[in-house]
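Novice: What follows is a predicted protein model with its sequence.
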Amino acid sequence: MARNKRGFSIAQNILMFTILIIILSTITITILQSLTYSNSATILLEDSSNEINKQVMMNYENYIDSVLATTNYIQNKTVEYGLLEQNDELDYIFKNAVEQQTDIVTIVLYDISGNIIAKSTTQTMIPQDITIKDFFVDAIYENTIYHFSSPHQQELVQNLNEQVITVSKMVDYYDNNNRSSGILIVDINTTRIVELSNNTNLGDGGHIVILNSDDSLIYSSNASCSLDDCPSKEIIKSIIIGSKQVELEDKDMFVNVNTLGNTRWQVGTFINIDILNQTRTRALYVSIVIFGVTLLTTIIASVLISRRISNPIYKLQKHMKIVEKGNFYKKIEVSGQKEVVDLGNSFNILQDEISTLMDTLLIEQREKRKSEFRALQTQINPHFLYNTLDSIVYLSENGENKKVQEMVIALSRFFRISISRGKNIISVKEELEHAKNYLLIQQIRYHEKFSFAFEIEEESKKCAVVKLIIQPLIENAIYHGINTEFGEGKIIIRSFLNNDKLILEVENDGYGITEDKIAEMYQSIQDKNDTKSVGLKNVYQRVRLYYGDESNFIIKSELDENTIIRLELPIEEVKK
């Protein structure tokens, strides 16, 4: 597809932006719907929970009121029969109350010392010190209210194996016309509490928990909740009063806690709201399905539209790829939108103009490269010629005619190869011969203060090479690598093939070069404006001009050991 500046095709942009808009719109709508539904569901849940809790509280309050009404009736009758000095009738009243209200197990009236004044049963009482019981003590110290104990095993009458809650209160009674205070004890079973709980639908795992004022467990409809271990109790204690959403036994619960009047009991209703979350999940799945269908439809429509728009541009792009490869002569015919057709026609015109300019530029570049190459080539010889002629004059004046003859012959051969009938590319064999003549001349000039040797692989002599690239390296070795004033230095010239490369090396056994100096030399030869290392720069630039990136110029050195300048060149055959 036609690419824009960011690297995406027009078709991809249309597709991405369309999908992005649909995704953002759908997500926004889904979130708003979810929030609206969630808020509505939460409000509905709280209202429903409050109503259920109110109903539960009302049921328990009615039950407690009925228990207290019976207790008040007994209290009034106790005073009434006491005033009439008919205390014996109290047993009958107590017994009748137990028979009338089946959830009452026993009724006993004690004096402050713990003696029985009246009771509802004729069965044998369990001998005990009733005055040490919590419900007895609480009734004495807070004598104006009713006290409700935690569930416990019935302990007043023998053979009554029931779990009961004891209601206690200080009441007045008359003994021989003397007004006295006693403690009225009413044991009620938990049957009615259980029935009221069972009549309330709180969902799977939903339950009711009742705590006493001392946080002891009165009742729990949750079978997993015991006196010793009841997670629901801890939740109620943390809430005290009010409502909260919690997780209990891997279920989401909504808890509502209130205090039951006259008892100071805390009643917590735990309502299972998993079904609400399941509904939310189903709604989310529906939204995802709708989102997926919408997205798929959008993608199909976007692909069709984008292809209709982008195909002509894609065709133009393919043609541009052909032009990039250098084919400026094939024209393009584009159909479709008017703008794309106009673009294709304009490109054809531009293509013709570029083709003309490329031909002109190519000719100019060729001539420029030739001029640069020739200019670099001409830098090699002049100063060497002057120095050599001075040396010949010097030798002649000193009568060393044989050396003058050797020097002139070497110079003649040197320049014959330098000229090479105008050729810039010669064989490695000729280049080495040229280097040898140069070394002979310099050896005579410096009174044989250095020696030289050639290590040449025969196959490498057949290769073609840019001429005059070894001599500047030898010149650099003589001037900078060998101390001709003290002792004799040695120069080794190598030529061999390695890994499809022609390797030319010039080694001297001079002082060597530091790493910093080598880095400076690299920078110098690569900088056209730097005037240092003229000979090396000349070789480097000519090699790069001719061979480009296929060539390599390497400087290696070991201090007080040697310095090697190495050329790695592509292997070329000598043209005949």
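Specialist: Now that the structure is in, tell me what you want to look at.
Novice: tell me the contacts of the closest residue in space to residue 91 that isn't next to it in sequence?
Specialist: Spatially, and ignoring its direct neighbours in sequence, residue 91 is nearest to residue 118 (5.3 Å; CB to CB, 6 or more residues apart in numbering). All C-beta atoms are positioned from the backbone trio N, CA, C, and that covers glycine. For residue 118, the residues meeting the contact criterion (CB atoms under 8 Å, 6 or more residues apart in numbering) are 78, 87, 90-91, 93-94, 108-109.
Novice: Touching, residue 210 and residue 270? I think so.
Specialist: No: Residue 210 lies out of contact with residue 270 (CB atoms under 8 Å); the separation is 11.9 Å.
Novice: Who has more neighbours out of those two?
Specialist: The neighbour count for residue 210 versus residue 270, taken as other CB atoms under 10 Å, is higher for residue 270 (29 against 26).
Novice: Does that one fall in a helix, a strand, or a coil region?
Specialist: strand (DSSP: H, G, I helix; E, B strand; the rest coil).
Novice: How far does stretch 260-269 sit from its chain's centre?
Specialist: 52 Å (CA atoms, centre = their mean, to the nearest Å).
Novice: quick one, helices of the stretch 401-550 of the chain?
Specialist: Using DSSP state H, counting those that start in this stretch, the helices of the stretch 401-550 of the chain run over 401-419, 428-445, 471-476, 515-526, 534-547.
Novice: between those, which one is nearest to residue 301?
Specialist: Of all the helices of the stretch 401-550 of the chain, it is helix 534-547 that lies closest to residue 301, at 56.5 Å by CB to CB.
Novice: Quick check: next helix or strand after that closest one?
Specialist: Counting by DSSP states H and E, the next helix or strand C-terminal to helix 534-547 is strand 552-558.
Novice: Check which helices and strands that following strand sits against.
Specialist: If you count contacts as 3 or more CB pairs under 8 Å, 6 or more residues apart in numbering; DSSP states H and E, strand 552-558 packs onto helix 515-526, helix 534-547, strand 562-570.
Novice: which one of those has the lowest average pLDDT?
Specialist: Between the helices and strands packed on strand 552-558, the one with the least mean pLDDT is helix 534-547; it has a mean of 84.
Novice: tell me which residues in that one are buried?
Specialist: Buried residues in helix 534-547, counted by 16 or more other CB atoms under 10 Å: 534-544, 546-547.
Novice: Show me which pair in those is furthest apart.
Specialist: The widest separation within the buried residues of helix 534-547 (CB to CB) is 20.4 Å, between 534 and 547.
Novice: Domain parsing of this structure, as residue ranges.
Specialist: Here the domain assignment for the chain is 1-319, 326-360, 379-570, based on automatic domain parsing.
Novice: and the ones you listed, which one is worst for confidence?
Specialist: Of all the domains of the chain, the minimum mean pLDDT falls on domain 326-360 (a mean of 67).
Novice: Residue 450: which of the buried residues of helix 534-547 is nearest?
Specialist: Nearest member of the buried residues of helix 534-547 to residue 450, counting by CB to CB, is residue 535, at 17.1 Å.
Novice: what's near enough to touch the nearest residue to the closest one once chain neighbours are set aside?
Specialist: Spatially, and ignoring its direct neighbours in sequence, residue 535 is nearest to residue 472 (3.7 Å; CB to CB, 6+ apart). Residue 472 makes contacts with 380, 535-536, 538-539, as judged by CB under 8 Å, 6+ apart.
Novice: I'd like those as CSV, with distance to residue 180 appended.
Specialist: Converted to CSV, these look like this (distance: CB to CB, whole Å):
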residue, distance to residue 180
380, 141
535, 136
536, 130
538, 135
539, 133
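Novice: Identify the farthest-apart pair in those.
Specialist: 380 and 536 (12.2 Å).
Novice: hang on, residue 443 packs against residue 437?
Specialist: No: with contact defined as CB under 8 Å, residue 443 does not reach residue 437; the gap is 10.6 Å.
Novice: joint contacts of the two?
Specialist: By CB under 8 Å, 6+ apart, no residue touches both residue 443 and residue 437.
Novice: Name the residue in these two with the higher neighbour count.
Specialist: Remark: of residue 443 and residue 437, residue 437 carries more neighbours, 22 against 19, as counted by other CB under 10 Å.
Novice: got the contact list for that one?
Specialist: Shown in contact with residue 437 (CB under 8 Å, 6+ apart): 410-411, 413-414, 417.
Novice: returning to that earlier point: wait, which of the contacts of residue 472 is closest to residue 221?
Specialist: Using CB to CB, residue 536 comes nearest to residue 221 of the contacts of residue 472, at 99.7 Å.
Novice: Grab the nearest non-local neighbour of the closest one.
Specialist: Per CB to CB, 6+ apart, closest to residue 536 is residue 525, 5.0 Å.
Novice: ok, the one you found to residue 501 distance?
Specialist: 20 Å (CB to CB, to the nearest Å).
Novice: Same check on residue 67?
Specialist: 110 Å.
Novice: which of the two has more neighbours?
Specialist: Neighbours per residue (other CB under 10 Å) separate residue 67 from residue 501, with residue 67 holding more: 22 against 15.
Novice: Any idea how far the helix or strand harbouring the more buried one is from the middle of the chain?
Specialist: Assigned by DSSP H and E, residue 67 falls within helix 10-83. Chain-centre distance of helix 10-83: 40 Å, with CA atoms, centre = their mean.
Novice: Flag every buried residue along the helix or strand following it.
Specialist: Using DSSP H and E, the helix or strand that follows helix 10-83 towards the C-terminus is helix 89-100. For helix 89-100, the neighbour count (16+ other CB under 10 Å) marks 90-91, 93-95, 97-98 as buried.
Novice: Which elements pack onto helix 89-100?
Specialist: helix 10-83, strand 104-111, strand 116-119.
Novice: any idea of the angle the longest one forms with helix 89-100?
Specialist: Interaxial angle, helix 10-83 versus helix 89-100 (axes from the mean of the first three to the mean of the last three CA atoms, to 10 degrees): 150 degrees.
Novice: what's the angle between helix 10-83 and strand 104-111?
Specialist: 50 degrees.
Novice: re the thing from before, out of the helices and strands packed on helix 89-100, which is the most enclosed?
Specialist: strand 104-111 (a mean of 23; mean count of other CB atoms under 10 Å).
Novice: May I have it as PDB, with CA atoms only?
Specialist: C-alpha atoms of strand 104-111 as PDB (Å, rounded to 0.1, in the frame of the first residue of the first chain):
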ATOM      1  CA  ILE A 104     -41.100 -20.300  76.900                       C
ATOM      2  CA  VAL A 105     -39.400 -23.200  78.600                       C
ATOM      3  CA  THR A 106     -39.500 -22.300  82.300                       C
ATOM      4  CA  ILE A 107     -40.400 -19.300  84.500                       C
ATOM      5  CA  VAL A 108     -38.900 -18.900  88.000                       C
ATOM      6  CA  LEU A 109     -39.100 -16.100  90.500                       C
ATOM      7  CA  TYR A 110     -36.100 -15.900  93.000                       C
ATOM      8  CA  ASP A 111     -35.600 -13.700  95.900                       C
END
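Novice: and it, what other elements does it pack with?
Specialist: Against strand 104-111 (3+ CB pairs under 8 Å, 6+ apart) you get helix 10-83, helix 89-100, strand 116-119, strand 163-175, strand 178-189.
Novice: mind redoing it with 6 Å?
Specialist: Judged by 3 or more CB pairs under 6 Å, 6 or more residues apart in numbering; DSSP states H and E, the packing partners of strand 104-111 are strand 116-119, strand 178-189.
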